[in-house]
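Take a look and give me a structure for this.
(one chain, ligands or ions: 1)
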Amino acid sequence: MSERPFGSRMVRKEDARLVTGRGRYTDDVQLPGMLYAAIVRSPYAHARIKSVDVSAAQTLPGVIKVYTGQSIKGQVAPIPTAWIPPDSGLKMVEHPALAYDRVRYVGDGVALVVAESRAQAEDAAEAIQVDYEPLPAVHDQMEALADGAPQLHQDAPGNVALHWQVGTPVDDAFQSAEVVVKRSFRQQRLIPNPMEPRSAVAQYNPSTGEMTLWSTTQNPHIHRVLVSGILGIPEHKLRILATDVGGGFGSKIACYADEVLTAFAARDLGRPVKWTESRSEHFLITSHGRDHVDQVELAGTRDGRVTAIRVRAYANMGAYLSTAGPGVPTILFGLIVNGAYDIPKASAEVYGVFTNTTPVDAYRGAGRPEATYLVERIMDAYAREIGQDPVEVRRKNLIKKEQFPYNNPFGLTYDSGDYHQALDRALGMLDYGAFRKEQEALRQQGKYIGVGFSTYVEMCGLGPSQVAGAVGFQGGLWESAMVRVHPGGKVTVFTGASPHGQGEETTFAQIVADRLGLPMADIEVVHGDTDRIAMGWGTYGSRTTAVGGGALALAADRVIAKAKTIAAHMLEVPVEAVEFGQGQFHAEGNPDRSVTLQEVTLQAYLAWNLPPGVEPGLEASAFYDPTNFTYPFGTHIAVVSVDAETGEVKLLRYIAVDDCGPVINPMIVEGQIHGGIAQGVGQALYEGARYDEDGQLLTGSFLDYAMPKARFFPPIELDHTVTPSPHNPLGVKGVGETGTIASTPAVVNAVMDALAPFDIVDLDMPLTPPKVWQAMQSAMAAK
Ligand code: MCN
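Numbering: from 1, shown residues only. From the prediction side, this is the model:
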């Protein structure tokens, strides 16, 4: 083999089917006798349900059955949420699969229609008469906390879903500080938009009690546990299949009512049922992301040393707690608001607030973009306050290489890093000195360009169960893998992770090909099937490579260890004298005496010449729980221009130097960083969900919700450093979210730098042309 598979730029194996239209998505599943489901959704953000009249709908052609919140009561348990963190006073309010007495957001399910065709189901859904008594609604978390605000849940007084505090005492540091900078940042609500909307197909076999549920999920095994509990189907009779899933970005983690209702109807009717959301439904009902108001204070010295940070965050949870929702603004956010900086004192206080809006859950980065945004923005504000360069202030406060492993003030231990090296590398690409000169010259001509920095760190690789449990995430997040070498020497790899766009069918094959010394073509990666894979925790939190890849490496090593004993027997040397490399076992110091892995495998199955005590067959599994999270890091730099006539922001350059440990596939990693940056820039400049006073979503389609487009981006300039993590066998760190986490503050910092001559210190995202133009006009008028 000319080049080692680990580290090489291989074309993605999965693309052969995906880019030729041969992918098999949930909505592609066609079953004989299949029925179609449609869900009647509330047009009100908040209303009492007085009555639901299904009589007209029931008589329409093709309609098989209509269900309401009342009719399924007692048969479908409420939709659950994760109890994270346990010390947050989390209000586990009831989230019925279909609302029966009150609707709490536009899109809340009220009735389910099952018919022979999708069109018939949708027509019948429109014929259902729901008599609502509208109630006052509240969509903003600050207003929801105010006295007299509409109350969503009896069990959550004041609309407080959770209240959580973490960190060290900070008051002394603030009292004695030479400088204190305060800011309030609004991090707007985003709507994740994977290419494939959500879908479910359910098939029930009444004679065996077995249910098969195809679902667009990022974590089929977690779904099996949850759906089993909600519908009372034993886990061994429930098979969840996540076939090809066309992206998720966190929005396909949650267990939704829609999938559960599809499975319920299939069991009730004894016929397969399919439900697929429309894009319009997707905007309304699939979980949203972000939506924070963050009050931030930073204490420091006049010469640029930060001494403390204090954060109070108000996170909009939406109408109900989505499955992973409570974990996002708490442990994924609060524990890392010190960012990449050595800040001795830090505290975070988080309020989760119920509002009459779509539930909020993970969206690429989930909590860590919000934390990074506030710390990176306030570092710039601090630099400006003390009249120092933002790069120099960062350099003074970044955690130093020799400080690793670094204990942050929230009890996390950052694994490894060299933050200054990444910063220097990125600055070298920029030519900072030349940029500042050009900026000054252009300002003289009334032209405005700016540069923004983000020296980020991310906590990912969710997660080491013990460490995660200690910080409030009490749900084992280890991973399973199995490596099966078939008698002919080909290999099937089974992983409990569930990639849905990230490319692990390729990178996991690279890991195994590298370890076993086999060609890539001989390795197949299987995922997304709870019947073929014993257990797993899915793909999110940039965990798949560090945790699932770690499991795979261990399983592959166990295969090699067993094969070695067989090889030793075949070579007639002690096992200690056998060396393995490039698919060959040979006697130490005697390369001529060797057997291939294929020969050993065949012997493992034929089994007539096995050493005593060795079982036939060649496969191994591993259940791997790492010893820590991983902490990828880097420096991102955005260069923008702001058009003084129109307020339009253009991205002129984007530089990213990231460190995710040893890179398995540089092309995939670059793709992940590109996509992540596009999403982070989307938040900075274009995207934002908006509700009106009645709680109607105003940005309910791509006409009103602006996604970033490829033409908005200059070629992205990438480089990387390599600092292995000591906490998994591959040394890898996650990369699936880094681009999103780092880029939003880099771009906003750049725009604020461009606007510095106007004394504009902050604007709420997205930085749209009218907003920027208005701010410039107001600033000029005030002068
Ligand atoms: N990789 C590598 N070398 C490394 C680290 C990672 O080659 N040192 C590769 C991996 O093997 C994998 C990819 O990079 O092919 C991303 O790996 P990882 O960082 O482990 O992230 P996950 O696979 O766990 O993916 C989750 C992450 C998250 S949290 C979101 S959200 C997200 C993302 O990935 N959603 C995505 N990337 C996405 N990409 C697509 N196309 N679609 C989504 O929905």
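
Mind listing what's buried along the helix or strand bottoming out on mean pLDDT in the chain?
Within the chain, no helix or strand scores below helix 465-470, which has a mean of 87 by mean pLDDT, DSSP states H and E. Buried residues in helix 465-470, counted by 16 or more other C-beta atoms under 10 Å: 465, 467-468. Every C-beta, even on glycine, is put in place using the N, C-alpha and C of the backbone.

How about stretch 666-677?
Those would be 668-677, for stretch 666-677 by 16+ other C-beta under 10 Å.

Now narrow these to whatever sits close to the ligand.
668-669, 672, 675 (C-beta under 6 Å from any ligand atom).

Tell me the one among these nearest to Ser280.
Gly675 (24.3 Å; C-beta to C-beta).

Report the rounded mean pLDDT for stretch 671-689.
Mean pLDDT, stretch 671-689: 98.

Just the CA trace of the least confident helix or strand of the chain, in CSV.
C-alpha atoms of helix 465-470 as CSV (Å, rounded to 0.1, in the frame of the first residue of the first chain):
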residue,chain,number,x,y,z
SER,A,465,-19.8,8.6,31.1
GLN,A,466,-18.1,9.2,34.5
VAL,A,467,-16.9,12.7,33.6
ALA,A,468,-20.2,13.7,32.0
GLY,A,469,-22.1,12.3,35.0
ALA,A,470,-19.9,14.3,37.4
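
Is any residue of stretch 25-37 near the ligand?
No: shown here: stretch 25-37 not in contact with the ligand (C-beta under 6 Å from any ligand atom), separated by at least 13.5 Å.

TSV please, covering the buried residues of helix 465-470 and showing distance to Asn205.
Converted to TSV, these look like this (distance: C-beta to C-beta, whole Å):
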residue	distance to Asn205
Ser465	35
Val467	42
Ala468	37
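
Please identify which of the residues you listed is nearest to Met142.
So of the buried residues of helix 465-470, ranked by how close each gets to Met142 (C-beta to C-beta), first place is Ala468, at 30.8 Å.

List phi and psi for the nearest residue to that closest one once chain neighbours are set aside.
Computed as C-beta to C-beta, 6 or more residues apart in numbering, the closest residue to Ala468 that is not its neighbour in sequence is Leu477, at 5.7 Å. With angles defined as degrees, to the nearest 10, Leu477 sits at phi -120, psi 40.

Now for Leu477, how many residues are close by?
Residues lying near Leu477 (other C-beta atoms under 10 Å) number 22.

Over to Gln30?
Using other C-beta under 10 Å, Gln30 has 9 other residues around it.

before we move on, what about the one 10 residues further on?
Per other C-beta under 10 Å, the neighbour tally for Val40 reads 26.

tell me the contacts of Phe404?
414-417 (C-beta atoms under 8 Å, 6 or more residues apart in numbering).

contacting residues around the closest residue to the ligand within the stretch 651-783 of the chain?
When scored by C-beta to the nearest ligand atom, the stretch 651-783 of the chain has Gly736 as its residue closest to the ligand, at 2.4 Å. With contact set as C-beta under 8 Å, 6+ apart, Gly736 has these partners: 364, 460, 502, 542, 544, 672, 676.

With secondary structure as added columns, please give the ones next to the ligand among the buried residues of stretch 666-677 in JSON lines.
Formatted as JSON lines, these follow (DSSP: H, G, I helix; E, B strand; the rest coil):
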{"residue": "Ile668", "secondary structure": "helix"}
{"residue": "Val669", "secondary structure": "helix"}
{"residue": "Gln672", "secondary structure": "helix"}
{"residue": "Gly675", "secondary structure": "helix"}
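
what residues does the stretch 51-200 of the chain put near the ligand?
So the stretch 51-200 of the chain meets the ligand at Pro194 (C-beta under 6 Å from any ligand atom).

show me where pLDDT drops low in the stretch 51-200 of the chain?
Within the stretch 51-200 of the chain, not a single segment meets pLDDT under 70.

Check it for the residue nearest the ligand and tell me.
Using C-beta to the nearest ligand atom, the single residue of the stretch 51-200 of the chain nearest to the ligand is Pro194, 5.5 Å away.

my read: that residue touches Phe249, true?
Yes: the pair Pro194 / Phe249 is scored as a contact, 5.7 Å apart, by C-beta atoms under 8 Å.

Looking at these two, which has the bigger crowd around it?
Phe249 (26 against 20).

how much space is there between the residue of the chain most remote from its centre and Gln154?
The outermost residue of the chain relative to its centre, with distances by C-alpha atoms, centre = their mean, is Glu572 at 51.2 Å. Glu572 sits at a distance of 77 Å from Gln154 (criterion: C-beta to C-beta, to the nearest Å).

Can you give me the buried ones in the host helix or strand of Arg593?
Assigned by DSSP states H and E, Arg593 belongs to strand 590-596. Buried positions in strand 590-596, judged by neighbour count with 16+ other C-beta under 10 Å: 593-596.

before we move on, what about stretch 396-404?
Under 16+ other C-beta under 10 Å, the buried positions of stretch 396-404 are 396-399, 404.

coming back round to it: dump the very next helix or strand once past the strand holding Arg593 to CSV, keeping only the CA atoms.
The helix or strand immediately downstream of strand 590-596 is helix 597-606, counting by DSSP H and E. Extracted C-alpha coordinates of helix 597-606, given in CSV (Å, rounded to 0.1, in the frame of the first residue of the first chain):
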residue,chain,number,x,y,z
LEU,A,597,-4.3,-12.0,7.9
GLN,A,598,-6.4,-13.8,5.3
GLU,A,599,-4.6,-17.1,5.9
VAL,A,600,-5.0,-16.7,9.7
THR,A,601,-8.7,-15.8,9.2
LEU,A,602,-9.4,-18.9,7.2
GLN,A,603,-7.7,-20.9,9.9
ALA,A,604,-9.8,-19.2,12.5
TYR,A,605,-12.9,-20.5,10.7
LEU,A,606,-11.7,-23.9,9.5
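
Run the angle between helix 597-606 and strand 590-596 for me.
Angle of helix 597-606 versus strand 590-596, following axes from the mean of the first three to the mean of the last three C-alpha atoms, to 10 degrees, is 50 degrees.

domain parsing for the protein?
17-135+195-247+252-285, 289-463+628-782, 479-624 (automatic domain parsing).

Of those, which is nearest Arg9?
It's domain 289-463+628-782; of the domains of the chain, that one is closest to Arg9 (C-beta to C-beta) at 4.4 Å.

Backbone dihedrals for Ala265, please?
Torsion angles, degrees, to the nearest 10, at Ala265: phi -70, psi -40.

quick one: it and Val273 touch, right?
Yes: Ala265 is within contact range of Val273, at 4.8 Å (criterion: C-beta under 8 Å).
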